[in-house]
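[1] here is the input, now give the coordinates:
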Amino acid sequence: MAAVRIENLIKHYGSVEAVRNVTLTCNDGEMMALLGPSGCGKTTILKMLAGIEDITSGELYFDDEPIGDLDPSARNIAMVFEDYALYPRLSVAQNITFPLKIRHMPKSEIRPRLEKTLDMLDLQQFRNENVQRLSGGAQQRVSIGRALVRDPSLILFDEPLSHMD
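    Numbering: from 1, shown residues only. Below you'll find the model as predicted:
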């Protein structure tokens, strides 16, 4: 994992200030929760960390290295969204291994990671099922599995438990 530091983070959408001057630190190995009412900027902060949204001003650091200008693919961050964001025509196993395949990881490395992830999330019995046939909770576990299998430096969760069984 990585230490994360946010300094004076600001995000504007036109004249709307979505995030105002956020500064925080989450040390290596710690977990942090952002709490607040709907529309207060929690998801926007996570998306800026992941590189999905550009920052208006401020800086983001991983282990004291600035990442605000890095391409999202160079950040080694996984994000689990509230709405699963699964590939509907793929099986559970195909959804979980997708991020490894697009990184051209050898099959010999993909298989053990898949097995470990399926075991950890109690998804072995669904490995060949189409994700559309699963309950909302099982679909969210697949989404979490897709994040975990990559072994990212940081995993961002955006309300991942709202649909869990």
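
[2] hmm, Gly145 is touching Leu123, no?
    Yes. Using C-beta atoms under 8 Å, Gly145 is in contact with Leu123, at 6.5 Å. Yep, even glycine has a C-beta here, placed from its N, CA and C like the rest.

[3] list the helices and strands the helix or strand encompassing Pro112 packs on?
    Element membership of Pro112, judged by DSSP states H and E, is helix 107-120. Counting by 3 or more C-beta pairs under 8 Å, 6 or more residues apart in numbering; DSSP states H and E, the packing neighbours recorded for helix 107-120 are helix 92-102, helix 136-148.

[4] turn those helices into CSV, columns for distance to Ala2 and mean pLDDT.
    Listed next are the helices and strands packed on helix 107-120 as CSV, based on distance: least, C-beta to C-beta, whole Å; pLDDT from 0 to 100:
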stretch, distance to Ala2, mean pLDDT
helix 92-102, 18, 96
helix 136-148, 15, 93
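
[5] just say which of those helices is most tucked in.
    helix 136-148 (a mean of 22; mean count of other C-beta atoms under 10 Å).

[6] now find how far off-centre that helix is within its chain.
    Relative to its chain's centre, helix 136-148 lies at 11 Å (C-alpha atoms, centre = their mean, to the nearest Å).
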